[in-house]
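Colleague: Return atomic coordinates for the entry below.
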Amino acid sequence: MCLAIPGKIVAIDGDVGVIDFGGTKKEANISMVDAKVGDWAIVHAGFAIELMDEAEAEETVELWNDFLSSGEADIRKPK
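Modeller: Have a look, this model is predicted:
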């Protein structure tokens, strides 16, 4: 399974953006999108693959957090 996670772009240096994923900051290649600081991006495998508006990003993050806190994301737990 592949997951693409939304994060907020907090800094840009050339084709590299620093993306904030709820307090965890990682670098990602942003050359495939027309990004600026403050934009929300979907990041997959180290690349920003799409930009999204803030409302959509916040809804996605909330749904993701709900899923993680539900216990359904625990791959160690037998079904």
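
Colleague: from here on, contacts and neighbour counts on C-alpha atoms
Modeller: OK.

Colleague: For the lengthiest strand in the chain, name the packing helices and strands.
Modeller: The longest strand of the chain (DSSP state E) is strand 5-13. Packing partners of strand 5-13 (3 or more Cα pairs under 8 Å, 6 or more residues apart in numbering; DSSP states H and E): strand 16-21, strand 40-44, helix 54-69.

Colleague: and the last one, how far from the chain's centre?
Modeller: Between the centre of helix 54-69 and the centre of its chain there are 10 Å (Cα atoms, centre = their mean, to the nearest Å).

Colleague: Which residues does it contact?
Modeller: The contact list for helix 54-69 (Cα atoms under 8 Å, 6 or more residues apart in numbering) reads 6-7, 39-40, 73-74.

Colleague: Report the buried residues of that helix.
Modeller: Residues 54, 57, 61 are the ones in helix 54-69 that count as buried (16 or more other Cα atoms under 10 Å).

Colleague: Out of those, the closest to residue 23 would be?
Modeller: Comparing the buried residues of helix 54-69 against residue 23 with Cα to Cα places residue 61 closest, at 12.5 Å.

Colleague: quick one: the closest one from residue 49, how far?
Modeller: 17 Å (Cα to Cα, to the nearest Å).

Colleague: got the buried residues for the longest strand of the chain?
Modeller: Applying 16+ other Cα under 10 Å to strand 5-13 flags 5-9, 12 as buried.

Colleague: Make TSV out of those and add distance to residue 67.
Modeller: Shown next, in TSV, are the buried residues of strand 5-13 (distance: Cα to Cα, whole Å):
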residue	distance to residue 67
5	13
6	15
7	17
8	20
9	24
12	30
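
Colleague: can you pull the pLDDT of the residue nearest to residue 7 when sequence neighbours are not counted?
Modeller: In this structure, residue 7 finds its nearest non-sequential neighbour in residue 21, 4.7 Å apart by Cα to Cα, 6 or more residues apart in numbering. In this prediction, residue 21 carries a pLDDT score of 92.
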